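> Next one to model:
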Amino acid sequence: MAKQSLIAVVGSANVDLTTFNDVFPRPGETIFGKKFDLGFGGKGANQAVAARLCGANVGMVAKVGSDLFGPATIKNFESQGIDAKYVGIAEGASSGVAPIFVEPGGQNRIIVVKGANDLLSPEDVDAAAPLLRKADTIVMQFEIPLRTVYYTVRFAKANGIRCIVNPAPAQQVDFAEVGAAAYFIPNETEAEITTGMPVKSIDDAKKCAEFLLRKGMQRVVITLGERGSLVAGIGGMEHVPAFQVQAVDTTGAGDAFIGSFAVFLGEGIPEKEALRRANLYAALSTTKVGTQKSFCTRAEFEKEWQKRSASL
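Residues are numbered from 1 along each chain as shown. Here you go, the predicted model:
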């Protein structure tokens, strides 16, 4: 049996407000939506929940607001078995929220209001050092201040801890500050914005990955949605195909990939198999509505993996 890994997530915690409809309102227009769903989200929190459901011990380092969503978010972490000791409440700040609009085909549009997430600081990272130093992997995203991301990468390097940087939502990044991360994992859109290069095909993704490697990244994984993922390093690059599913909501699929990939690596599973497994875990999340609520348990995943992996 694989060893149980410890994943520490330094990142965001939001509440997702998801609306489903066939069309979007024009300026000044009010329309009726078909369906609404409220759930816990935020890229950091989603990745933490995915890692926990995949069987890892998980600790969260985050900030929530002093509104009604803050304590509820902490309670949600605890109910999932995630260590929330280092999730602080920022007095006078709102919690992060994410209004999400989903089209019939499952494609989504998201507006993130960072709120208390923007107050997570390097000092909070230092305060969480007892947790972070024990982790197999530290995972970060860009819904918290970049200075905190950069500080955490330096912390991980100084302590010999593998870290994963997910540059989402995409913004301009100081490559020198994130180059020490073991993995830099954008999706197609994030890769485009981060590098200024188009990523419309697998060949485009390869050129983009080469650019990121030249900028000092150790390992690059570009997630390609229904086309799978591309992994690149000094020794070369490889396309890892996706698994076909009937998608209904792609929200959170990238977070499912990151969280599960961190766990599989932490258990000592070889990189290529870990990527295949993460591809499947992410694909399965798109068959259900929502973010954290769409993630399957490890037992559910292993059952599907046994069926699917036979065809690899």
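
> Could you measure from the closest residue to residue 198 other than its chain neighbours over to residue 188?
Excluding its sequence neighbours, the residue lying closest to residue 198 (Cβ to Cβ, 6 or more residues apart in numbering) is residue 204, at 5.5 Å. (C-beta placed from N, C-alpha, C; glycine too.) Distance, residue 204 to residue 188, using Cβ to Cβ, to the nearest Å: 8 Å.

> so residue 109 sits in a helix?
No: using DSSP: H, G, I helix; E, B strand; the rest coil, the assignment for residue 109 is strand, not a helix.

> my guess is residue 152 meets residue 161, correct?
No: using Cβ atoms under 8 Å, residue 152 makes no contact with residue 161, being 9.7 Å away.

> Quick check: neighbours shared by those two?
132, 138 (Cβ atoms under 8 Å, 6 or more residues apart in numbering).

> Mind listing residues that contact the helix-or-strand element of the chain with minimal mean pLDDT?
Lowest by mean pLDDT, DSSP states H and E among the helices and strands of the chain is strand 108-110, with a mean of 82. By Cβ under 8 Å, 6+ apart, the residues outside strand 108-110 that reach it are 98, 99, 100, 101, 102, 249, 250, 251.

> can you tell me how far the third one sits from residue 82?
Taking Cβ to Cβ as the measure, residue 100 falls 22 Å from residue 82.

> And the last one, by the same measure?
When Cβ to Cβ is the yardstick, residue 251 and residue 82 sit 20 Å from each other.

> These two: who's more crowded?
More neighbours surround residue 251 than the other of residue 251 and residue 82, with 26 against 22 (other Cβ atoms under 10 Å).

> Quick check, that one in contact with residue 292.
No: between residue 251 and residue 292 there is no contact under Cβ under 8 Å: 10.2 Å.

> any common contacting residues for these two?
Joint contacts of residue 251 and residue 292 (Cβ under 8 Å, 6+ apart) do not exist.

> check which helix or strand covers residue 100.
Per DSSP states H and E, residue 100 falls inside strand 96-102.

> Contacts for that strand next, please.
Taking Cβ under 8 Å, 6+ apart as the rule, strand 96-102 contacts 12-21, 24, 41-42, 64-65, 69, 108-117, 143, 249, 251.

> can you pull the buried residues of that strand?
For strand 96-102, burial by neighbour count (16 or more other Cβ atoms under 10 Å) applies to 96, 97, 98, 100, 101, 102.

> ok, the closest residue to residue 264 other than its chain neighbours - how many residues close by?
Leaving aside its sequence neighbours, residue 264 sits nearest to residue 274 (Cβ to Cβ, 6+ apart; 3.7 Å). Using other Cβ under 10 Å, residue 274 has 21 other residues around it.

> Ok, residue 4 next?
Residue 4: 12 surrounding residues under other Cβ under 10 Å.

> Most widely separated two among the contacts of strand 108-110?
99 and 250 (16.1 Å; Cβ to Cβ).

> ok, which stretches of the stretch 151-300 of the chain are strands?
162-166, 183-184, 220-223, 229-233, 236-240 (DSSP state E, counting those that start in this stretch).
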